[in-house]
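Undergrad: Whatever this is, show me its structure:
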Amino acid sequence: MRYALLIREDENVVTGPQERSRRLAGLAAFSRGLEERGALVDSEQLHPAETAATVRCWDGDIVTTSGPFAGTREQVTGFAVVDCKDLEEAIEMATRIPAAWYGAIEVRQVQET
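TA: Next up, the predicted model:
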């Protein structure tokens, strides 16, 4: 089964070089681990939320607004799609993403069509 690991964090938090290095090292270890397991389907980092657009089509009207969907401190900053045997394995993989230390990882099963 494929799962999307949606990485959410506050893009506006400024970190020092030591913390940035720690996070990058953790992300590299996460990526290596997925590749070694053969579980990585895809992963990408996203541009900042300020470059996003939100589109709604309500009652025949198309409404486009600048920015992310929710007015929250956390934005989706990246994602990984992983191949796992079940939800528990996907959650275990999510715990290895550094953003889980200071943000959140939303784990959602991908619908097979």
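
Undergrad: Can you get me a residue count around the closest residue to R23 other than its chain neighbours?
TA: Nearest residue to R23 in three dimensions, chain neighbours excluded: P98, at 4.5 Å (C-beta to C-beta, 6 or more residues apart in numbering). (Each C-beta comes from the backbone N, C-alpha and C, glycine too.) Residues near P98, counting by other C-beta atoms under 10 Å, number 20.

Undergrad: same check, this time on F30
TA: There are 22 residues near F30, going by other C-beta under 10 Å.

Undergrad: cool, and Y102?
TA: Residues contacting Y102 under the criterion other C-beta under 10 Å number 13.

Undergrad: List the beta-bridge partners for the closest residue to it other than its chain neighbours.
TA: Of all residues not flanking Y102 in the chain, E9 sits nearest, at 6.5 Å (C-beta to C-beta, 6+ apart). Beta-bridge pairing for E9 (DSSP bridges): Q75.

Undergrad: Look up how far T54 lies from E9.
TA: 19 Å (C-beta to C-beta, to the nearest Å).

Undergrad: what about the two, which has more around it?
TA: Comparing E9 with T54 by other C-beta under 10 Å, the one with more neighbours is E9, at 22 against 12.

Undergrad: could you measure the more buried one against R37, distance?
TA: The value you get for E9 to R37, if C-beta to C-beta is used, is 24 Å.
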